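Visitor: Okay, here's the prediction I keep looking at, along with the sequence it came from:
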Amino acid sequence: MTDRYLSVDQVAELLGTTARFPRRLIEERRIRYVKVGRHVRIPVSAVEEFIKSRTVEPIRLRRTSLRRVA
């Protein structure tokens, strides 16, 4: 149990969004969370997994396919 748990407001600040966005993720069950009484907490590892699973890598173009016309 070494994972740190964040509140909805802390996750929103970490992601640079309003609190509405993490609440929607919880409601749609798109992110792991823990209920502690009436409070909702999100593990830091769940936020990292969410970000990693939605990271889009850039496409690398091959130089040979780009030719100049003389």
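Guide: Nice, thanks for sending it over.
Visitor: just the strands in this protein please.
Guide: Listed from the start of the chain, the chain has strands (DSSP state E) covering 5-6, 34-36, 39-43.
Visitor: Name the residues of stretch 39-54 that are buried.
Guide: In terms of neighbour count (16 or more other CB atoms under 10 Å), stretch 39-54 has its buried residues at 40, 41, 42, 43, 46, 47, 50. All C-beta spots, glycine's among them, are computed from the backbone N, C-alpha and C.
Visitor: what do you get for stretch 12-24?
Guide: So stretch 12-24, judged by 16+ other CB under 10 Å, has buried residues 12, 22.
Visitor: And that stretch, how far out from the chain middle?
Guide: If you compare the mean C-alpha spot of stretch 12-24 with that of the full chain, they lie 10 Å apart, counting by CA atoms, centre = their mean, to the nearest Å.
Visitor: One more: stretch 42-49?
Guide: The chain centre lies 8 Å from the centre of stretch 42-49; the measure is CA atoms, centre = their mean.
Visitor: Need the CA coordinates for it. PDB is fine.
Guide: Output in PDB follows, covering the C-alpha atoms of stretch 42-49 (Å, rounded to 0.1, in the frame of the first residue of the first chain):
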ATOM      1  CA  ILE A  42      -7.800   8.100  -7.000                       C
ATOM      2  CA  PRO A  43      -4.400   6.400  -6.800                       C
ATOM      3  CA  VAL A  44      -1.500   8.100  -8.400                       C
ATOM      4  CA  SER A  45      -0.800   5.000 -10.400                       C
ATOM      5  CA  ALA A  46      -4.300   5.100 -11.900                       C
ATOM      6  CA  VAL A  47      -3.700   8.600 -13.100                       C
ATOM      7  CA  GLU A  48      -0.300   7.600 -14.600                       C
ATOM      8  CA  GLU A  49      -2.000   4.600 -16.300                       C
END
